Each structure stands twice: as C-alpha cells, then as structure tokens.
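Novice: predicted coordinates and the sequence they were generated for:
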Amino acid sequence: MNKEFVMRGQTASGSTEVLNFSGNKPGYAYRMTEFSLYPSTGVGSGNDEMSGSVTAGKTAVAPTDPNFNNEGLIGTTYTQIIGSGSNAMFKQSVINDTFLITQNLILMVQNTNAGTPVNWQCRFVAEKMSKSEEAVTNYKQYTISDE
C-alpha cells in the first residue's frame, strides 16, 4: 500500500468538500501531514486572503473562526498574498498530525477576494493498525462526527 498520498482540488469560497476515506483498506488509518492553499486567479498581481479548515465533525468548521477546543478540528491554514508591488506571502498552518483518520472529513475554504475559488492540497500518510487499535480509532472518530 502506498504510504503517502495527496488529495487536492478547487473549491468555491465559502463552500465545503468531502474528503472521502470510506472504502479505504481495513486495518489502516491516515494522518494529515500537510494542508496548503493557493489562489486560482490573478497569481502575482492580486491580493488574496485565504483560510481553510478540515474537520472530522458532523459539520464544517468556519475557517475564518477556528476553535482549537473542537476535538474534530484536524487542520486549519491561513495564507495571505499581496501581489501588487511587494509580492509578499504569509502562510500559517496548524495540523493535528496525531489524529488518526478512518472516516470522511469535511474541508471548507474562504477567500476574501470576492468569492474567488481556492486551490487546496492535503497530504496524508497511511498507518497500519491492529484490530483493537482500529476499533478504538473508528469509535473515537464516530463519536466526534456524531456530536
């Protein structure tokens, strides 16, 4: 089994995507190791302020208002690009890379640039588990997503 893989896409600002983990190989869980955002238009010439969140919860977490007390919040990222003249970029990501993923996740992105879509990429690594670890991990994620 491939140890590392990437999910990526483009999502409208304010919208959500389901990161589908159903149907993955039994006995494996996944950890998020990277969460990045990139603008979809005007690269190098415009100003973008983008944020994103990934949760194992039942509903999306607003990426403009993350709460780290939410145990389902797996990752959040913020990217600011100032393209006019200075071409400056600021990026900050916080990822709970100890959270073992066995079920679908919800990704949400926001761009302050008039609803411009956001390109996103998440990197995951596979972790082999025993049957008992798998049962505990599945139950934990189920209780978070059922709240």
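Specialist: Thanks, I have it. Numbers count the residues shown, from 1 in each chain.
Novice: give me the most central residue, this protein.
Specialist: The chain has residue 54 as the residue nearest its centroid, 3.5 Å off, counting by Cα atoms, centre = their mean.
Novice: beta partners of that residue?
Specialist: The residues paired with residue 54 through beta bridges, assigned by DSSP bridges, are residue 75, residue 107.
Novice: please list all residues in contact with it.
Specialist: Neighbour list for residue 54: 19, 32, 35, 73-76, 105-107, 122 [criterion: Cβ atoms under 8 Å, 6 or more residues apart in numbering]. Placement of C-beta: from N, CA and C, glycine included.
Novice: nearest to residue 8, of the residues you listed?
Specialist: Taking Cβ to Cβ as the measure, residue 8 lies nearest residue 122 of those, at 7.2 Å.
Novice: what pLDDT does the model give that closest one?
Specialist: The predicted structure scores residue 122 at 97 on the pLDDT scale.
Novice: you'd agree it is up against residue 5?
Specialist: No. Using Cβ atoms under 8 Å, residue 122 is not in contact with residue 5; the gap is 9.5 Å.
Novice: just the strands in the chain please.
Specialist: If you assign secondary structure with DSSP state E, the strands in the chain sit at 4-11, 16-19, 28-39, 47-55, 73-82, 88-95, 105-111, 118-128.
Novice: and of those, who's closest to residue 135?
Specialist: When those are compared for distance to residue 135 using Cβ to Cβ, the nearest one is strand 28-39, at 11.3 Å.
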